[in-house]
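1. Here is the input, now give the coordinates:
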Amino acid sequence: MNQILKGQVTEQLQALPYERSDDRQGQRNGYRPRNMKTRVGPLKLQIPRVRSGRFSTGMFGRYQRREQALVLAMMEMVLNGVSTRKVRRITGCLCGTEFSKSTVSELCKNLDPLVRD
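-> Numbers count the residues shown, from 1 in each chain. Next up is the predicted model:
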């Protein structure tokens, strides 16, 4: 994923690192470390920083720290009657990442309107 992020910043800036070009759209300004929880375990990402402007990627949302598929799987477990504490233990065993029972409850609040309908 870090290689994809490097490719995306190169595409967005229209220049390779240290390349002098008239088409260049900005300057690289290092990286920002971020942790993301996924189905395969936690990932340590290096999000590129851009000096003039803002780097944006389509791989995940701006403040997203969890993979969407993992969130949907946790919500489906709760819908099928698994308790929030058991969801925490299951994600800990399968993904190496535990979520608090309150985090699972907050994620499932998005389901309330759908269940009412």
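
2. C-alpha from now on. contacts and neighbour counts both.
-> Will do.

3. In contact with Leu111, which residues?
-> Counting by C-alpha atoms under 8 Å, 6 or more residues apart in numbering, Leu111 touches Met75.

4. brain fart, Pro48
-> Contacts of Pro48 (C-alpha under 8 Å, 6+ apart): 5-6, 9, 28-32, 55.

5. How about the secondary structure of the residue located most distally from the centre of the chain?
-> When each C-alpha in the chain is compared with the mean C-alpha position (C-alpha atoms, centre = their mean), Asp22 comes out farthest, at 33.3 Å. State at Asp22, reduced to three classes by DSSP: H, G, I helix; E, B strand; the rest coil: coil.

6. Look up how far Leu13 lies from it.
-> Note on Asp22: its distance to Leu13, by C-alpha to C-alpha, to the nearest Å, is 11 Å.

7. Show the low-confidence segments of this structure, by residue range.
-> By pLDDT under 70, the weakly predicted segments of the chain are 39, 58, 60-67.

8. what's the domain layout of it?
-> According to automatic domain parsing, the chain comprises the domains 2-50, 68-116.

9. Reformat the ones you listed as JSON lines; add distance to Met59.
-> Shown next, in JSON lines, are those (distance: least, C-alpha to C-alpha, whole Å):
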{"stretch": "domain 2-50", "distance to Met59": "9"}
{"stretch": "domain 68-116", "distance to Met59": "10"}
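
10. For the nearest residue to Ser52 once chain neighbours are set aside, grab phi and psi.
-> Closest residue to Ser52 apart from its sequence neighbours, by C-alpha to C-alpha, 6 or more residues apart in numbering: Gly26 at 5.4 Å. Backbone geometry at Gly26, expressed as degrees, to the nearest 10, gives phi 170, psi -170.
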